[in-house]
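1. Quick one, fold the following:
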Amino acid sequence: MSSFFAGFRFEIKILLREPIVWFTIITLFSLTLFSLYNGAVRVKIQQDILSAAQGDASKRIDGQKNLLARLEKGDVHEDLPPYRDPRNAVFVGSNGGQAAFLKPEPLALVAVGLSDIFPQLLKVTTASKDTFLFSDEIENPSNLLSGSIDLAFVIVFVLPIVILALCFNLISSEREQGTLAMTLAAAHRPLALIFGKIIARALLPILTIIVTTAVGLFIFSDKYTPVMTDCLLLCASILLYSSFWVVLAAAIDGLGKNSAFNALTLLGVWVIITILTPAGINALAGYIYPAPSRIDMTLAARAASTDADKEKDAVFARYKEEHPEAKRDRSKEASLRRLASQEAAFIQVEGIIKQHDLQLEHQQEFTKKLDFLSPALLTYQAIVEIAGTGTTRYRGFLDDINSFHIKWRDFFLARAKTGASLTIDDYNSLPKFVSLTHEPINIFRPLLGVFIPTMFAVIIAFIGLKRCAP
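-> Have a look, this model is predicted:
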C-alpha cells in the first residue's frame, strides 16, 4: 500500500506543476458550469411557458363561463357564430382545448434528451391527434442540427478526451525517456506504484466534474435536496463511465507500444464508441423500421375531412329537397359538418399514429439489442433517464395524452351528438389533465452494460501492466 500512495503522491506533484494540466482542469470546470447554466436557462424557459399556458387556459375558460352566464341572463342580444358560442359543444371542444403538460424534473438541467424534439405542452382538443401533436415546431432546426451543450454532452464526449489526454502515455512516456526501469526498481511493489500513478492522473478530471456538478446543481437547481438519490445515481454514472476510459487507456498503454500508437488507438476508439457506433445503430434502426411519413398522415386526415364535408353537404342538400319548407339552420349545419370532419379525420389518423408508434417501439427495441456496443450510448441513456428527459418518461406522457384525449372527446361529443348545449355545470366539470405516476428510474441495465466492458478492460490492463512491472 505504501508503494501505491508513493506513486499517487509523486504523480500528483508532477501534474500540479504542469500549466497545461491546470488549463485542462479549469477548462473542464468552466465547461461543466456553463453546461449546467445552459440547462437551468432552458428549464426556466420551459417552466415559464407552462405557467403562461396554464394562465391562458384559465382565462379562456373563465371568459367562456362569463359569456355563457350573460347569455343565460339574456344580456347578449346578438346572434353569436358557432365558433364563438360557449354553448356549442363541437366548437368549444375543438377550439377551446385543455393544456396538457409535462413538468421538468428537478435534474432536467442535466440533459436536453428528448425535450427539444418532443413537446412538453400540448393543447388537447376533440380533433384528431395530428392537429396538436405535430402542430408546433419544438426547436429551431439549426439548433437541432448543431445540438446543445448540456452536462450529458460534457460527460459523454469531453470527459473521455480529458481522461485519455492525461492517461494515454503513463508507461510509454517513461519507457521512451529511459526512466521506467529505475522508477519501478525503487518501488517495493512496482504494480501498486503504477496503479497509484494511474489513479492520480484519473482522479483530477473525475473529481473536477463530480465536484463541479454538485456545486452547479446547488447553484442552479432550486430542488436539489429532494433528489439526493438522483444526484447519487448521476455521480455513479459519471464514475463508472470515467473508469471505463481510465482502464481502457491503461490497457492500451500496457501493450508496450509507443505513445503515438497509444494516442492514435485511443482516439480511434473514442470516435468509434462515442460517434460512429451510436450513429450507426440509430441509422440502422431507422432503415429497418422506418416511421410513417408525417406528410402522409396529414394528407390522409385532410382527405378524410374533405370526404366527410362532401358527404354532409350531400345529406343537407338531399334533406332540403325532401323538405323545402324547412328553415335552414346554418349554425347547426356548421356544427354537424365540423363533427363529421373530426370523426372522419380521427379514424384515419388513429391508424397511422398507431403504426407510427409501433415502428418507434420497434426502433427502440432494436436499439436496445445493440446499444451494448457503445458504453457512451448506454451512459447517455442513463443520464437522460435520471434527468427525466428520456424515452421512459415521454412514453408515459404520451400514454397520458392518449387517455386524456379520449376523455375530452367523450365529454364534448356525447353532448354534441345529442344537440345538448353546454351549461355552467359542464364547464365546472371539464376533464382535467393529470400526469400519472409511471415506473421509477431504472438505470441498472445501461450501467451494467458499461460495467461489463470495464471489467474486461481491467483484466487486459492488469495483465499488460503486470508484464511491464515484473
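
2. ok but Ala100 is inside a strand, no?
-> Yes - with DSSP: H, G, I helix; E, B strand; the rest coil as the criterion, Ala100 is part of a strand.

3. Tell me what it is bridged to.
-> Counting by DSSP bridges, Ala100 is bridged to Leu122.

4. could you pull out the strands for the chain?
-> When assigned using DSSP state E, the strands of the chain occupy the ranges 98-101, 121-124.

5. With distance to Thr265 added, can I get those in JSON lines?
-> C-beta coordinates here come from the backbone N, C-alpha and C atoms, glycine included. Output for the strands of the chain, formatted as JSON lines (distance: least, Cβ to Cβ, whole Å):
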{"stretch": "strand 98-101", "distance to Thr265": "48"}
{"stretch": "strand 121-124", "distance to Thr265": "47"}
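
6. need these in CSV with mean pLDDT, distance to Gly464 and mean neighbour count, can you?
-> Converted to CSV, the strands of the chain look like this (pLDDT from 0 to 100; distance: least, Cβ to Cβ, whole Å; neighbours: other Cβ atoms under 10 Å):
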stretch, mean pLDDT, distance to Gly464, mean neighbour count
strand 98-101, 82, 54, 20
strand 121-124, 84, 54, 21
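
7. of these, which approaches Gln363 most closely?
-> Closest to Gln363 of the strands of the chain, according to Cβ to Cβ: strand 121-124, at 22.2 Å.

8. Show me what that closest one is packed against.
-> Secondary-structure packing of strand 121-124 (3 or more Cβ pairs under 8 Å, 6 or more residues apart in numbering; DSSP states H and E): helix 19-73, strand 98-101, helix 130-133, helix 391-418.

9. let's go with 6 Å and repeat that
-> In terms of contacts (3 or more Cβ pairs under 6 Å, 6 or more residues apart in numbering; DSSP states H and E), strand 121-124 is packed against strand 98-101, helix 391-418.

10. So which helix or strand of this protein has the lowest pLDDT on average?
-> Lowest mean confidence among the helices and strands of the chain (mean pLDDT, DSSP states H and E): helix 141-146, at a mean of 53.

11. hang on, isn't Glu11 packed against Ala200?
-> Yes - judged on Cβ atoms under 6 Å, Glu11 makes contact with Ala200 at a distance of 3.7 Å.

12. re the thing from before, now, of the helices and strands packed on strand 121-124, which is deepest in the fold?
-> Comparing these by mean neighbour count (mean count of other Cβ atoms under 10 Å), strand 98-101 ranks first with a mean of 20.

13. Tell me how far the closest residue to Phe433 other than its chain neighbours lies from Asn428.
-> Leaving aside its chain neighbours, Phe433 sits nearest to Ala100 (4.2 Å; criterion: Cβ to Cβ, 6 or more residues apart in numbering). Taking Cβ to Cβ, to the nearest Å as the measure, Ala100 falls 19 Å from Asn428.

14. what does Lys197 give?
-> Between Lys197 and Asn428 the computed distance is 72 Å (Cβ to Cβ).

15. Pick out whichever of the two has more residues nearby.
-> The neighbour comparison of Lys197 against Asn428 (other Cβ atoms under 10 Å) goes to Lys197, with 25 against 9.

16. Could I get the contacting residues of that one?
-> Lys197 is in contact with 7, 11, 170, counting by Cβ atoms under 6 Å, 6 or more residues apart in numbering.

17. Check what pLDDT Tyr224 gets.
-> Per-residue confidence (pLDDT) for Tyr224: 47.

18. To clarify, my last question referred to Lys369.
-> Confidence score, pLDDT, at Lys369: 89.

19. what's the burial count for it?
-> The local packing of Lys369 (other Cβ under 10 Å) involves 10 other residues.

20. residues contacting it?
-> For Lys369, no contacting residues are found, by Cβ under 6 Å, 6+ apart.

21. The same query, at a cut-off of 10 Å, please.
-> 281, 285 (Cβ atoms under 10 Å, 6 or more residues apart in numbering).

22. Equivalent analysis for Ala285, please.
-> Residues in contact with Ala285, defined by Cβ under 10 Å, 6+ apart, are 359-360, 362-370.

23. and what of Ser51?
-> Phe101.
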